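Asker: Okay, predicted coordinates and the sequence, questions at the end:
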Amino acid sequence: MVAAVIYVDPQTIQPVLNGKWHRMDLTAVPQPGEAVTMLCGESGEAEFKLSGEGRNNRVHQQCEPCDDVLRQRKGIPSRRDRIGRC
């Protein structure tokens, strides 16, 4: 049988840990069970599920520290700074 290659962009992977969406620096897709560390410093073991499965039971919050790191790297003000100025 010929392989069916499924391309995954590691930059679009957003893991859920403790009920929150996180961000990671990835250059490759982690293997199941591999330790991964989020931008905020939290870590866990990689586990893969279809995206719809994660949305069936609850709405996940965004990890604010991960968002702060990502925004700082891109030169975007943090959400809290922008909201506080309104």
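Answerer: That came through, no problem. Numbers count the residues shown, from 1 in each chain.

Asker: Poorly predicted segments of the protein, please.
Answerer: Scanning the chain for pLDDT under 70 picks out 54-57, 81-86.

Asker: Can you show me the strands along it?
Answerer: Ranges of strands in the chain, per DSSP state E, are 16-17, 20-21, 35-37, 43-45, 61-62.

Asker: Packing partners of the third one?
Answerer: The helices and strands touching strand 35-37, judged by 3 or more CB pairs under 8 Å, 6 or more residues apart in numbering; DSSP states H and E, are strand 43-45. For the C-beta atoms, the positions are set from N, CA and C on the backbone; glycine is no exception.

Asker: ok, back up a step: export the strands of the chain to a markdown table and tack on distance to Arg73 and mean neighbour count?
Answerer: Output for the strands of the chain, formatted as a markdown table (distance: least, CB to CB, whole Å; neighbours: other CB atoms under 10 Å):
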| stretch | distance to Arg73 | mean neighbour count |
| --- | --- | --- |
| strand 16-17 | 20 | 17 |
| strand 20-21 | 17 | 16 |
| strand 35-37 | 16 | 13 |
| strand 43-45 | 19 | 13 |
| strand 61-62 | 16 | 12 |
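
Asker: So which of those is nearest Val29?
Answerer: With CB to CB as the criterion, Val29 lies closest to strand 35-37 of the strands of the chain, at 10.3 Å.
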